[in-house]
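Visitor: Pasting the sequence and the predicted model now:
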Amino acid sequence: MSFVTRRALSTLIPPKVASPKAIGANPDALRMQRVVNFYEKLPRGPAPEVKATGLLGRYQAKHFGKNPSGKPILHAIGFLLVVGYAQNYYFHLRHHKNNAH
């Protein structure tokens with residue numbers, strides 16, 4: 001078998017991983033063992049569904065979640081109307097009680 005063929009086949013066969021604590025162990029094998037241990041500890045399967053908490057979180061889950069709707073636009077318009085009237089009243093309308101100018 002030629003050197004080129006042997007070299008090509010050696011990349012397909014994984015190296016025998018010696019015990020990482022063995023005296024004179026290959027540092028690459030030790031690093032690879034750490035990587036393998038890390039990936040073995042990772043959870044498998046789909047991530048669990050995260051439950052929304054708090055007022056804003058529940059609102060987002062309800063209106064922006066699986067079934068998004070246009071209600072947040074209506075809520076924003078209503079909020080702006082209420083805040084705008086409150087500002088008009090505070091800065092202008094409270095001075096004109098009973099239509100007295």
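Guide: Now that the structure is in, tell me what you want to look at. Given the structure is predicted, the values throughout are model-derived calculations rather than measurements.
Visitor: Kindly format the C-alpha coordinates of the longest helix along the chain as CSV.
Guide: With secondary structure taken from DSSP state H, the chain has its longest helix at helix 71-91. The C-alpha coordinates for helix 71-91 follow below in CSV (Å, rounded to 0.1, in the frame of the first residue of the first chain):
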residue,chain,number,x,y,z
LYS,A,71,-55.1,43.3,18.8
PRO,A,72,-51.8,44.8,20.0
ILE,A,73,-52.2,47.5,17.3
LEU,A,74,-55.7,48.3,18.7
HIS,A,75,-54.3,48.3,22.2
ALA,A,76,-51.6,50.7,21.3
ILE,A,77,-54.1,53.1,19.6
GLY,A,78,-56.3,53.0,22.6
PHE,A,79,-53.4,53.6,25.0
LEU,A,80,-52.3,56.6,22.9
LEU,A,81,-55.9,58.0,22.9
VAL,A,82,-56.1,57.7,26.7
VAL,A,83,-52.7,59.2,27.3
GLY,A,84,-53.4,62.0,24.8
TYR,A,85,-56.7,62.9,26.5
ALA,A,86,-55.1,62.8,29.9
GLN,A,87,-52.4,65.3,28.7
ASN,A,88,-55.0,67.5,27.1
TYR,A,89,-57.0,67.6,30.3
TYR,A,90,-54.0,68.3,32.5
PHE,A,91,-52.5,71.0,30.3
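Visitor: Could you give me the buried positions within it?
Guide: When burial is assessed from 16 or more other C-beta atoms under 10 Å, helix 71-91 yields no buried residues. Quick note: C-beta positions are derived from backbone N, CA and C, even for glycine.
Visitor: same deal with stretch 52-72?
Guide: Within stretch 52-72, no residue counts as buried by 16+ other C-beta under 10 Å.
Visitor: Check which helix or strand M32 maps to.
Guide: If you go by DSSP states H and E, M32 is part of helix 27-41.
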